[in-house]
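Student: can't give you the sequence, but here's the structure:
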């Protein structure tokens, strides 16, 4: 909801599950896929899709797709169709292109010379247009504008020569990686295997979890306890299905997940000298606070951003508060660092989001304020430091400030727990055009005056990066993978939307 | 959502709007009715209804009803039907009877000898069965199990003799009040007038607001600025439509709202010696925290409950937290009083609510925990005081405690910001049967052991009542009304569900 | 479909079923009610409703209602709800009032002092307005504009004094009959009994059938073979559920149907000298051709009308044909009598009915002709006698004549198998206003010229009446009923829409 | 409906429209496409799709697809999306594969190197499996099981070398024709042109019509009167949109339709010696009776089949009748030839089709008979010759015979107006497996006994072929096309399902 208002949007969430041991097992794979997807719903609300496979030779695939939230898209009756699946992948989509149709809904399923494959994808190919042309020049018609269809056709096309003894999917995936450096975290299902792949820059997240008996969820488990494996854009989905966090898929890594377990097949390196480029906005904005990236909890990073902000921009005020609810960890961090008391000033109406309001009515003038009730008694006569996680266009914070002041706040100081957004993202985030971003507009010079605040301060890029990277120091997962891929673990993040420094050269 | 889980449910929300001045005006009455209703959505999600009148002679009424949330029930196309209304009433319903059908959806509209009337109602008639029988004995067939139909037929029946010069609705409403003492806050629309009525005990809330130009929303306004009048179960709906809080409808009061303004027609007294009996659980649980009852903000009362709880049940612990998000004000109050730091320990997945899970699967074993992600890093190795607003059956807090402990909390102490629920409510709240309430079960003796907590303490009834009534002292609205009704304002609350002391004798 | 075009519409179909013998039986009452209703679908396509009772003390009623065709209104899942019913009534509705809402959908179910009753009704009360006022004067609010609610409240009101030993429904129904002479065929269900009632004039049809084992459907059966009883607006529904035609309910008769069988409780007489007034348009237009009224098949009557028309209006032409498909029996009758060959000239597209066409497009100019394909080769160069069953507004036959002529017919002579419609019906048929009826317009003087035909002839009223009554001579069912009611069986029909002679004086 | 029962199904109907003259014109192309499709609804009820193009450079395509009948699939709101189209193609689908999903819905739209194309197709490629493999070997993934996607990818792939000056679609279509000989009638839209193509054997129908002002529909028109061009599977769609029949697309012909008019680009010949193979079952069963194939009306051919049947299988009986309503032309033909009177014996309930009946109930035992009412009085005591158009499994005619006999027919003689179905169709018709066809079962030896008839006779293959070809003698359209393609017009029909003689060798 906030995303819609602010105009920043994540593209997608992907999720996969494989039942461990001899099939069929007692694991309700379709239920796991659905509930795992629900936990990724914040990453996309436009459409949802699930494909399951029974894993047999030849396999039977079952596909379910629908528009809207998972709970809307899949009826209980429809979910029954999937019940014989032993593995499967699912996807929830946020449209960056504006073409909101069922046919763009993922996962994509196609028949290839080597059998049917299904592909689910989060990210955006930086060289999509060039690749589309290449594929069409080969004589392939493309039926959607989706990168996922493009990826699927590239996997079908690659390599041009036919494998003798069946498909060499690893070679095909490596070939895909050589065609396009970033940005993608993808799941590809073929018969009885899921390949989990992250681009060499690790731009989008992907991690693996282990399903164990609910009773053993928080105890030590042995290998025999494994009921299945899951793979997800974010670890927050593990809690809701009873899975234990296992590890991240590394940048450039190709992991094979089957009933026999998890196997790292390869880690494709980046060009010499390039650092990883995990999207820093996943920390700032997109991810659910209980997700774990690079060994640290997102909530903790946001809290550190708040602390850092209190150091960089202290305020002479009475109370600290938040624009509910994504900025709350930063607000608590700011309060802790500054010693100011933390209070709530706004109450949010969760139901207002989708109600139809006719354009040009008096109600529209209320703007975003109609979503909030002012908790007047908490702040009347006080000076508020109000923490927001980002200011994109500047038109949503303004009515909130007005609301607070008119309800009795004597001063409202805005502190933003991230740097100003200045540049477009070509790697999967839907950001308004450069012209629409408040940081690029003349009004930005007097941003406080423009939005009606008493003062405004943003976190610095350096402050953000240090708040993020501070927690990664102790993170050493490289023992898990072959030494050849150690370079993947050096720290680096994509800050392109803040700095204009893109991790790869952009083709047009 | 929480309500569903806990098994406590409010019955309804009512909302009305009259455009001021000569009709037609520019006021989008249908939009105000819709958005006002959305702000009351927490009081009922089962169905929604709107009836508008053009106010002409004879009037044209337009009715719109639908199942589910307001946003689901009313399509933009359907709302257009209502566009010529100059006044109207709306209703959102939570089913207490379990009969979830469109025909039980309010407002009720019937043709009477004196024209068409529409009725919307929040509450539950304590003597409904006796009244049904009485009405049927008169020869009236009742087509639904709804109290609202019963009220409507009572209004049509009363008085038995025919008025000479058209209907005397005030006499009819007084007669209704003499037939049934409580519980109802009701809106009745006839042609160009809305009557807003609260039962003599004031058991359910009802308040009035004034629509002014958005630009004057937070300034002093004169009479000429009035664009319309609204009446609502809770004042939280005023913010979202740009209305200013005007005043509460008093217990026993009949208020007439028309294009000419707001007029108090009568205040029907209670039996000698009876105090008002406003539902104390509206403060504890049902109302939105930014609503105002009896001159005080609900949030503030909840915070006071938390403070009181810290006094009554201090804890040797490291941090204070909340079960998001209704217990947050109490948790902050507890933290302030106790001096312990306030942190967040749980992250809630808002989308999980309606997803279909097959019974008897492993996922069902996760229980309510699948709605929450543990913010592990915030509390690992710490002793937590966890504030909840109420414990009804005891089966929802238990998996949360388990989740926190397994994620690393060393101790979890439950502090409940309300007394134990022990008795059924016959006045509009859907409470589980006496046998299901944890406070009436043998397990309650060792409730901490039963739910897996290190200790459990409830707020006392006295503590709750004092936390509620402390803020009312300065509240003096009786200047507004005639002296004959002053008795209405003495302080008193219904605590029947906690104490078994019902405000009126119950008929069976 | 044709009905919509022509503007004549029947109001409703009613259907009931009671399982015979000790309950529960193997009879799928809900399925019988549904399929029986489907066979009456031509009588109403706006909404459908079913109410079943398990017949216990107290009974459990289950209600299912929906808009549109039976197949749309009732999903398989919804029908499962009804599965424990041992008896039930169902209803399909054609709106005469234009208020097309679920709440007007029948059967009506209300709680009365004597328990819950359900009522389904076909017809229209000639004195509805006076009765509504009477009921409202008694203090009853009416929530719909439906006659069925009015009937239900009259049954609840009557008699004003309370019966000592439970309800005397026969007395109440007789009282209803004394309040309103016509027009109604109604089914009232109370607990374990269905009362089937026809008004004293017998204006609307109602007949009884017996369910026997499918294997015995066309053989002699004994009492023990009875699996259940059904009651229906038309006997055409019996074939589709495997029931045998038993008999008609007589004008003024009250029949009780229970698991013990069928029992005639009373036959209320008409005022001295009044003849029955069964709607003659049921024969001409509404009924399905395989239905039986007054001992004769509707198809046969229509065929006789065609023969009579050939006698009254012979034509010098080459071929006889029909506007498919309701006029086909008359066309075959005309062909037989005249000796001219019968051919088909038009092919109908059954799917075109509900397709949305924007107003004012060229396609709209095609009018009804876009529903038909001309079977050119059959009639090019020939003179056609085209039989239609009625001409209401004159705007549908005109494009058909144009189509035929332009496709090569040298002459088109219209012969209408019924007399001109001239007067409104107040007894349940939706006829356009007097001004819209072509027979009342100036154009009627040169109707042939107006519609583009070479000649036009209507059947005379005398011709129609004799064609209808010719087949009744041998019909003697009065042995079945008490001698006191023999007068009910004298022959008489309502021809009010043709002659303006209404069977009862009309109140306004 | 009958199709479902009998198990024979057509695959599809295609329809296209191009507005003539300078764009935009006043022609409502989307409405024409919709209504044209409705007239082809008998060819497929599973899904419907429309794609329009504005014809600009680059063009904007708009796609609308939905499941079910046209009237269900396209809401008025959705149709508005298409309103700016100047040309377009539409498609209605009957699933032969049983995979009933939106993604299989046509037309198919893909981006190719030369721009976006849309393809709609009726037929079935005899060598689809081999072609799929070939396409996949080229590295193309296929996302559906539909032949249309295969055709589209073949058009994109062909030729492998890139055209210098833009696409040479004629060459690509010819290449497609060289890859697959039959069966397809297809429409391909590219920017501002529709290519209408029939396979060299002309297995599926396709014809062209001209839109003229409604007022000139049946008069002589000049070129200037042309408002647009339409192309359709059957000419029956022309009547409903106000188009004049222009001509058939010839076997092997590629026709270009643009705003400038209709142009024959090429006629691809068949292998030396091969005759055309237009599906003879289009005459017998699938086509609407008012459609014109090879210069003759389908109705007339069916009537001739009835006459021929009367010659081949005369009957000593009293009356001739039909199983409504597809067999009616044949029944009238039989009656005319035999001199026996034609009567109606069955009345069909059009609404019963989709009503849900639980399996294994007594109602299911009624079988197809529950769709029909017996017009008893017409035939009681008589010997009936009952004409049916085909008997596929033998399980639908049987209950009808039983019904008639039990209702009083003394004898029922079945005469089938087509030869027995014995072989599968691989060219687009959905026929039950060989084992299910009654003609291949042991029961066929005593078919009369098996179905309960007094005698059964089928039309001979020779009789059918002569009845079909008798009317073609005078048909000479070859003046219209270049002499090189004259061979296309020699008479020949595909009778494979009756004789096992397939027009091309089948690859497996």
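Tutor: Sure, I can see it. Please read all numbers here as calculations on a predicted model, not as lab measurements.

Student: drop to CA atoms for contacts and neighbour counts, all remaining ones
Tutor: Noted.

Student: need the contact list for whatever residue of the stretch 151-300 of chain A ends up closest to chain B.
Tutor: Proximity of the stretch 151-300 of chain A to chain B (CA to the nearest CA) peaks at residue A:240, 3.9 Å away. Residue A:240 makes contact with A:35, A:36, A:39, B:363, B:366, B:369, B:370, B:371, B:372, B:373 under the criterion CA atoms under 8 Å, 6 or more residues apart in numbering or on different chains.

Student: just those residues now: which is nearest chain D?
Tutor: Minimum distance to chain D across the contacts of residue A:240 is 24.4 Å, recorded for residue A:35 (CA to the nearest CA).

Student: touching chain B at all, the helix or strand the closest one falls within?
Tutor: Assessed by DSSP states H and E, residue A:35 sits inside helix A:29-38. Yes. Counting by CA under 8 Å from any CA of the partner chain, chain B is contacted by helix A:29-38 at A:31, A:32, A:35, A:38.

Student: and residue A:307, what helix or strand is that in?
Tutor: Residue-wise, residue A:307 maps onto helix A:298-312 under DSSP H and E.

Student: quick revisit: which SS state does the residue of the stretch 151-300 of chain A closest to chain B fall under?
Tutor: The three-state label given to residue A:240 by DSSP: H, G, I helix; E, B strand; the rest coil is helix.

Student: quick one: it and chain C, what's the gap?
Tutor: Distance of residue A:240 to chain C, given as CA to the nearest CA, to the nearest Å: 30 Å.

Student: how about residue A:364?
Tutor: Note on residue A:364: its distance to chain C, by CA to the nearest CA, is 32 Å.

Student: is whichever strand or helix holds that residue in proximity to chain B?
Tutor: Assessed by DSSP H and E, residue A:364 sits inside helix A:362-365. Yes. Using CA under 8 Å from any CA, helix A:362-365 reaches chain B at A:362, A:363, A:365.

Student: now those residues in a markdown table, with distance to residue D:404?
Tutor: Shown next, in a markdown table, are the residues of helix A:362-365 next to chain B (distance: CA to CA, whole Å):
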| residue | distance to residue D:404 |
| --- | --- |
| A:362 | 70 |
| A:363 | 69 |
| A:365 | 73 |
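
Student: the strands in the stretch 301-450 of chain A, which residues?
Tutor: Secondary structure of the stretch 301-450 of chain A (DSSP state E, counting those that start in this stretch): strands located at A:319-322, A:346-348, A:372-374, A:383-388, A:411-416, A:429-430.

Student: in its sheet, what does the third one sit against?
Tutor: Paired neighbours of strand A:372-374 in the sheet (DSSP bridges): strand A:346-348 (antiparallel).

Student: what is the mean pLDDT for the partner strand?
Tutor: Averaged across strand A:346-348, the pLDDT comes to 92.

Student: just to revisit the earlier point, buried residues, the helix holding residue A:307. List them.
Tutor: A:298-310 (16 or more other CA atoms under 10 Å in any protein chain shown).

Student: again, but for stretch A:445-454
Tutor: Those would be A:447, A:448, A:451, A:452, A:453, A:454, for stretch A:445-454 by 16+ other CA under 10 Å.

Student: hmm, who's touching it?
Tutor: Under CA under 8 Å, 6+ apart, the answer for stretch A:445-454 is A:394-395, A:397-398, A:401-402, A:411-414, A:443-444, A:455-456.

Student: what does stretch A:290-306 give?
Tutor: Residues outside stretch A:290-306 that contact it (CA under 8 Å, 6+ apart): A:205, A:234-236, A:248, A:283-284, A:287-289, A:329-334, A:417-418, A:459, A:463-464, A:467-468, A:471-472, A:475, B:347, B:373-378.

Student: repeat that for 7 Å
Tutor: Around stretch A:290-306, the neighbours that count as contacts under CA atoms under 7 Å, 6 or more residues apart in numbering or on different chains are A:234-236, A:283-284, A:289, A:329-334, A:417, A:464, A:467-468, A:471-472, A:475, B:347, B:373-375, B:377.

Student: and those, which are buried?
Tutor: For the contacts of stretch A:290-306, a neighbour count by 16+ other CA under 10 Å gives the buried set as A:234-236, A:283-284, A:289, A:329-334, A:417, A:464, A:467-468, A:471, B:347, B:373-375, B:377.

Student: now residue A:380: closest residue in space that isn't a chain neighbour?
Tutor: Spatial nearest neighbour of residue A:380, chain neighbours left out: residue A:408 (4.4 Å); criterion: CA to CA, 6 or more residues apart in numbering or on different chains.

Student: residue A:347 too?
Tutor: Leaving aside its chain neighbours, residue A:347 sits nearest to residue A:373 (4.9 Å; criterion: CA to CA, 6+ apart).

Student: run through chain A and note the low-pLDDT ranges.
Tutor: For chain A, applying pLDDT under 70 flags the ranges A:1-10, A:95-102, A:158-164, A:218, A:353-361, A:473-490, A:507-508.

Student: quick one, domains of it?
Tutor: When chain A is parsed into structural domains using automatic domain parsing, the resulting residue ranges are A:11-273, A:296-465.

Student: give me the distance between the two termini of the last one.
Tutor: In other words, domain A:296-465. End-to-end span of domain A:296-465 (CA to CA, to the nearest Å): 14 Å.

Student: cool, the first one as well?
Tutor: With CA to CA as the measure, domain A:11-273 spans 28 Å from end to end.

Student: likewise for stretch A:362-375?
Tutor: End-to-end span of stretch A:362-375 (CA to CA): 23 Å.

Student: so which bits of it are buried?
Tutor: Within stretch A:362-375, the residues that qualify as buried are A:362-363, A:365-375, counting by 16+ other CA under 10 Å.

Student: could you list the buried residues of stretch A:82-92?
Tutor: For stretch A:82-92, burial by neighbour count (16+ other CA under 10 Å) applies to A:82, A:83, A:84, A:85, A:86, A:87, A:88, A:89, A:90, A:91, A:92.

Student: contacts for it?
Tutor: For stretch A:82-92, contacts defined as CA under 7 Å, 6+ apart pick out A:12-19, A:23-24, A:29-30, A:33, A:37, A:41, A:44-45, A:47-55, A:62, A:106-107, A:120.

Student: among the residues you listed, which ones are buried?
Tutor: Buried among the contacts of stretch A:82-92 (16+ other CA under 10 Å): A:12-19, A:29-30, A:33, A:37, A:41, A:44-45, A:47-55, A:62, A:106-107, A:120.
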